[in-house]
Each structure stands twice: as structure tokens, then as C-alpha cells.
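S.K.: Next come a sequence and a model predicted from it.
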Amino acid sequence: MKPKMIWANVGVEDIERTQEFYLALGFKLNGNPTKELVSFIFSETGFVIHFFEKKRLQESIEGELTDTTAGNEMMFSLSIASKKEYDSWVTEIKNAGGKIFFDSNINRKKIYDENGYYVCVFADPDGHKFNLLFNSNT
């Protein structure tokens, strides 16, 4: 198989809150938001995440949505270019209302330290998890 594109669809409680959060982090809107959907471009390669109102996504998923307060369905990874950019992102995530679970500036993990990684695990206001990565060896 050779898919032409890949993107992600995730459910959120509040479209406006989601839009404000990702705009505060500097992501670019993908199209025009509606009452049921806001979409952002997340990388130079054009990876898109569509944030649907949970009720709307539930109609399409043919199953239950994950309760992000009890667990996660996936984690998106964001690679960045420098330690300075890493530090800036961590500040922006906090200021935008993201919840930080792990920050290499504060927390330590042997596997990250041995391989030169700075890692920030955070969640958006709906609990969707991301890890921000900078490898100081590259």
C-alpha cells in the first residue's frame, strides 16, 4: 500500500480552547475552523491534526474514544532544532495552559541523558500527549 497522505483525527471538549492553545504555541491553522473542527499543520512536511468536537468524532469512529484522564491512545512527537528552542517551547507550553509531565531541565532519565536527548512530555487541555524532543548529538 502507498497512502497519499496521513493525518490524525482526535476528539476535544472545546474547539475554541483547543484553537487558542495551539495558536499560542505558534502552529498554523489548516483551513477555517468551524463549531465542530479546528485543524493545524504540525510540521514542515505538512502533517495535520484535525481536532473534532468529541460528539462529532464519536459518530465516525465506530467505537469509544479514549478517556485521556485515565490513559492515552497515542503520543505525538515533535522534533526541534536546538536547546534554546526547547527551552522556549517549554515556556510557551506552560504559558498556553499545557500540562507538563516530564521536562529534562528538571527531571532526569538515564536513557535520555546517555543519548543526548532533552525531552518534554506534555498534554494539551484535553489530555492529548506530545513529546518534544531535541537531540544534542545531532
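M.R.: That came through, no problem.
S.K.: Mind listing what's buried along the longest helix along the chain?
M.R.: Scanning the chain for the helix with the most residues, using DSSP state H, yields helix 83-96. For helix 83-96, burial by neighbour count (16 or more other Cβ atoms under 10 Å) applies to 86, 89-90, 93, 96. Backbone N, C-alpha and C define where each C-beta goes, glycine included.
S.K.: Equivalent analysis for stretch 16-32, please.
M.R.: Residues of stretch 16-32 classed as buried by neighbour count (16+ other Cβ under 10 Å): 17-19, 21-22, 25, 27, 30.
S.K.: first vs last residue of that stretch, how far apart are they?
M.R.: 12 Å (Cα to Cα, to the nearest Å).
S.K.: Using the record's assignment, carve the chain into domains.
M.R.: Residue ranges for the domains of the chain, per automatic domain parsing: 7-61, 75-135.
S.K.: Any figure for the gap between Arg56 and Leu25?
M.R.: Noted for Arg56: a distance of 23 Å to Leu25, by Cβ to Cβ, to the nearest Å.
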